[in-house]
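J.: Quick one: sequence plus predicted model below, questions after.
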Amino acid sequence: MRKPETIERLYLDFDGFFASVEQQARPSLRGRPVGVVPFEGTEHTCVIACSKEAKAFGVKNVMKIAEARKICPDIALVPQSPDLYRRAHNTLLSEIASVIPIAAIKSIDELTCDLEGHDIRDPEGLAHRIKTRLHDHVGAHITCSIGFAVNRQLAKIACKMDKPNGVTIWHPEQMPEKLYYLPFDDIPGIGRRMEKRLMLAGVFDMQGLLKLQPKQMRKLWRNVTGERLWYALHGYDVKTPQSSRGMFGHGRVLPPTHRDIANAKTFSRLLLTKAARRMRRRNFYAGRLWLWLSMRDNRWFGQLPLPIVNDDHACLTALDTLWEKAQRELPKHTRIIRMGVTLLELTPSTERQLDILLNDDHERQKWEAITHAIDRLNNKYGKTTVSLGPWTPPPGGNAGGKISYTRIPSAEDFW
């Protein structure tokens, strides 16, 4: 494995992305502590993102709203706007790409670039050009922190060292000493459970971790991830295996006034239709459907095999079957707090194999043709003009437009 002798990677992380985009888009929020929340008017959930002004008061992401109000009474709570964040993300990428090619988009607010020639010799100048470009062409209220190091993992750790709006450069000759006094939770890949496992193994700090051998790290992590982390922390150029698509799905927290079975069933149809649309756009078929429900004290889960399908009729028919099972097994007045649907056991369209014992090819082709006609109409008008059955979005909007660490929604997800 190659060990670079100079910095080769840049990692960029936007500061308080959701909140800073809200401040850039809405002048009335600038300079104020801002917390982004899932729904308008909610008081029983958490702050999903906060501005640097809110963080100065001690507000943190995933903090309960009541706690955030207690330590920061003047915090402005703003309902999330995923489509605004998606558009801001695309704009920011375009501006950065005009300065340096983007090697990989890691999430809606993180990306990485490979360095060459002049940028290796002058990383400060590169960081200044990126920040100036964003300031002049997007706005002053969306800032970023940038880290430089020999590999992607170290550059990611470095970019967290001087937030917000900082630049950190770790040259090979400075390593691994720069890591010695960092807490474990500054290292991507070390969560609370892993930290507890390290403590039980007698590893109490980063210096102890760095003294381990690759095979010891592999044993502690119980897979090859630990060994890869060892090489990354020791400055090697580690290539992360490309992940493959495993599922398409959506989940939703239901508002307190809509937590009955009837509403959950209605909203699940919309979420499943959107998941199936995404699956078709990526040219996959599904072999299994999951429906999961979370109540206050328990959970319900059901699954059903699918005959390698991607049309709305087949998916929604299977969903109705799962809901019939749920209604038989759950009390009549069950309060459902969160629910979700997942299409999995995916098959690329080029590799689809039909079940020779299931003679429904004519029916399947008919419903696939109907579904494709519906997709074409919706694409033409840029909204959900036609759907199979009722189209009832849940309160709060943005159904199917959730932004997660591994997924950035497209414009079609908001139709």
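T.: Yep, that arrived. Since we're looking at a predicted model, the values are computed, not measured. Residues are numbered from 1 along each chain as shown.
J.: Show me the shaky parts of this structure.
T.: Within the chain, the segments meeting pLDDT under 70 span 243, 354-360, 405-406.
J.: secondary structure class for residue 371?
T.: helix (DSSP: H, G, I helix; E, B strand; the rest coil).
J.: residues touching it, list them.
T.: 280, 310-313 (C-beta atoms under 8 Å, 6 or more residues apart in numbering). Placement of C-beta: from N, CA and C, glycine included.
J.: Dump the helix or strand harbouring residue 120 to CSV, keeping only the CA atoms.
T.: For residue 120, the element it lies in under DSSP states H and E is helix 117-121. Taking C-alpha atoms only, helix 117-121 is exported to CSV below (Å, rounded to 0.1, in the frame of the first residue of the first chain):
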residue,chain,number,x,y,z
GLY,A,117,0.9,20.4,-8.6
HIS,A,118,0.4,24.0,-7.6
ASP,A,119,-2.4,23.2,-5.1
ILE,A,120,-0.1,20.8,-3.3
ARG,A,121,2.5,23.5,-3.0
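J.: helices and strands around the helix or strand following that helix, which ones?
T.: Elements were assigned by DSSP H and E; along the chain past helix 117-121, the next helix or strand is helix 123-137. Other elements packing on helix 123-137 under the criterion 3 or more C-beta pairs under 8 Å, 6 or more residues apart in numbering; DSSP states H and E are strand 9-14, helix 82-97, helix 117-121, strand 144-149, strand 167-169.
J.: Which other helices and strands does the last one contact?
T.: Yep, that's strand 167-169 we're talking about. Checked by 3+ C-beta pairs under 8 Å, 6+ apart, strand 167-169 has helix 123-137, strand 144-149, helix 152-159 packed alongside it.
J.: Among the contacts of residue 371, which lie within strands?
T.: Among the contacts of residue 371, DSSP state E puts none in strands.
J.: Neighbour count and distance to residue 96 added to the residues you listed, as a markdown table?
T.: Formatted as a markdown table, the contacts of residue 371 follow (neighbours: other C-beta atoms under 10 Å; distance: C-beta to C-beta, whole Å):
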| residue | neighbour count | distance to residue 96 |
| --- | --- | --- |
| 280 | 19 | 31 |
| 310 | 25 | 35 |
| 311 | 23 | 39 |
| 312 | 23 | 38 |
| 313 | 18 | 43 |
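J.: From those residues, pick the one nearest residue 293.
T.: Each of these was scored against residue 293 by C-beta to C-beta, and residue 312 proved nearest at 21.6 Å.
J.: residue contacts, the closest one?
T.: Residue 312 touches 273, 276, 367, 371, 374, 387-388, counting by C-beta under 8 Å, 6+ apart.
J.: Any chance of a PyMOL selection covering the buried ones in those residues?
T.: Entered in PyMOL, the line below selects the buried ones among the contacts of residue 312, by 16 or more other C-beta atoms under 10 Å:
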select buried, resi 273+276+367+371+374+388
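J.: Closest one to residue 402 out of the contacts of residue 312, please.
T.: Using C-beta to C-beta, the contacts of residue 312 come closest to residue 402 at residue 273, 15.0 Å.
J.: you'd agree the closest one is up against residue 316?
T.: Yes - shown here, residue 273 and residue 316 form a contact pair, counting by C-beta atoms under 8 Å, at 7.1 Å.
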